[in-house]
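Chemist: with the sequence up front, the predicted model follows.
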Amino acid sequence: MDAIIARNLQKTFGPITAVDDVSIAIPEGGIFGFLGPNGAGKTTTIRMITGVLTPDAGSVRILGTDVQEDPLTAKLKMGVIPENGTVYSDLTAEQNILLTAKFFGMDTADRRKRAHEILGQLGLLERRNDLVRTFSKGMRQRISIACAIVHSPPVLVLDEPTTGLDVYSRRLVIDTVRQMNRGGSTILLTTHNIEEANALCTTISIINRGKIVATGSPEKLKKTFDTSRYVEISFDQPVGPALFFAPFITRAEPWGDKWRVYTDDPDRAVKHLARVAERDHLAIVSIATSNPTLEEAFVQLTTGA
Ligand SMILES: Nc1ncnc2c1ncn2[C@@H]1O[C@H](COP(=O)(O)OP(=O)(O)OP(=O)(O)O)[C@@H](O)[C@H]1O
Ligand SMILES: [Mg+2]
């Protein structure tokens, strides 16, 4: 069964179409990433999926429960980390977690045990009795995550969980997400960090101006953009563009002290470049081929570059 199904979601704010016919299906156990520039519609989509915002059109099911028809049941199945965390500043770290656990109906013994476990996991045990008001941004974010996972939800939804975090906090958050996933939770997250999406997600959707422009595994999305491959080469003396004329070379442009030669067949391009260098008595100082990156796919899809 799919853990999250969103069908044809639509949301406008006045003249702005924030989300335009967005559909996603995330199988149980998957880690799905929403990637898109600022204002693309990620948070609006997440808010509709988690039942915070009513869509103008479309529907959402969380493990078979319709979010609009039965919001309480749907919400009990989810752990949510919203874009702007909702931790209580005037409670301590531990009180925040215990309160959330109580809200989700866990009994007292379970609450204490689980709070202790999570505080340890997120490196906050020593600060458990401090007011959250005195916490740094990264520590607040970790409390936000602690509250979202306290009831071991089968579905975990995170809106930019690692933005603004240092390497240590980021790793803790990612490890926690991975651990929840290994324990069986389905994950939906948004991120600006392409490498993070690449490393973490089984499927990614790239969203731009409210619309999904591509969906696939990180590797599949990269392959779609194979044509953006290039060879970077430099010679011991200046050369002109004429050197790079060949049917399998799309274009060549100066790139610092090198030339960047775009091609859909790097193997042929390298052999060709070696031949013309030999012919024209040029020494090759450096040569390297690039593989398409997810970042290139992202930039092409969201800027039309
Ligand atoms: N409550 C609101 N009222 C009016 N416009 C809104 C509201 N919420 C979102 N929008 C608009 O909807 C569009 C999508 O915003 P959204 O917050 O979903 O983007 P995002 O992809 O999460 O961006 P970011 O990466 O900056 O978090 C934007 O143009 C935004 O101004
Ligand atoms: Mg957002």
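Modeler: Structure's in. What do you need? Residues are numbered from 1 along each chain as shown. Ligands and ions are numbered 1, 2, ... in the order given.
Chemist: quick one, strands of the stretch 1-150 of the chain?
Modeler: 2-13, 16-27, 31-35, 57-62, 65-66, 78-81 (DSSP state E, counting those that start in this stretch).
Chemist: now tabulate these in a markdown table and tack on mean neighbour count and distance to Val132.
Modeler: Every C-beta, even on glycine, is put in place using the N, C-alpha and C of the backbone. Formatted as a markdown table, these follow (neighbours: other CB atoms under 10 Å; distance: least, CB to CB, whole Å):
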| stretch | mean neighbour count | distance to Val132 |
| --- | --- | --- |
| strand 2-13 | 18 | 29 |
| strand 16-27 | 18 | 30 |
| strand 31-35 | 25 | 27 |
| strand 57-62 | 19 | 28 |
| strand 65-66 | 16 | 31 |
| strand 78-81 | 24 | 15 |
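Chemist: count the neighbours of Arg133 for me.
Modeler: Using other CB atoms under 10 Å, Arg133 has 12 other residues around it.
Chemist: if we ignore the residues flanking it in sequence, what's nearest it?
Modeler: Ser89 (4.1 Å; CB to CB, 6 or more residues apart in numbering).
Chemist: surely the one you found touches Met139?
Modeler: No: counting by CB atoms under 8 Å, Ser89 stays clear of Met139, with 11.9 Å between them.
Chemist: and these two? which has more neighbours close in?
Modeler: Comparing Ser89 with Met139 by other CB under 10 Å, the one with more neighbours is Met139, at 20 against 11.
Chemist: just give the nearest non-adjacent residue to Leu282, would you?
Modeler: Phe235 (4.5 Å).
Chemist: isn't the one you found right next to His281, touching?
Modeler: No: between Phe235 and His281 there is no contact under CB under 8 Å: 10.2 Å.
Chemist: who has more neighbours out of these two?
Modeler: Between Phe235 and His281, counting by other CB under 10 Å, Phe235 is the more crowded of the two (20 against 8).
Chemist: from Gly14, how far off is that one?
Modeler: Computed as CB to CB, to the nearest Å, the Phe235 to Gly14 distance reads 57 Å.
Chemist: pLDDT at the most centrally placed residue in the chain, what is it?
Modeler: In the chain, the residue lying closest to the centroid (CA atoms, centre = their mean) is Thr191, at 3.6 Å. Per-residue confidence for Thr191 comes out at a pLDDT of 87.
Chemist: now name the helix or strand holding the closest residue to it other than its chain neighbours.
Modeler: Spatial nearest neighbour of Thr191, excluding adjacent residues (CB to CB, 6+ apart): Ala197 at 5.4 Å. Using DSSP states H and E, Ala197 falls within helix 194-200.
Chemist: contacts made by that helix with the rest, please.
Modeler: The contact list for helix 194-200, computed with CB atoms under 8 Å, 6 or more residues apart in numbering, reads 31, 33, 35, 162, 174, 177-178, 189, 191, 204, 218, 293-295, 298.
Chemist: average model confidence for that helix?
Modeler: What helix 194-200 shows for mean pLDDT is 84.
Chemist: for ligand 2, give me its nearest residue in the stretch 51-200 of the chain.
Modeler: Glu83 (4.9 Å; CB to the ion).
Chemist: is that residue in contact with Thr43, as I believe?
Modeler: Yes: with contact defined as CB under 8 Å, Glu83 and Thr43 form a contacting pair (5.0 Å).
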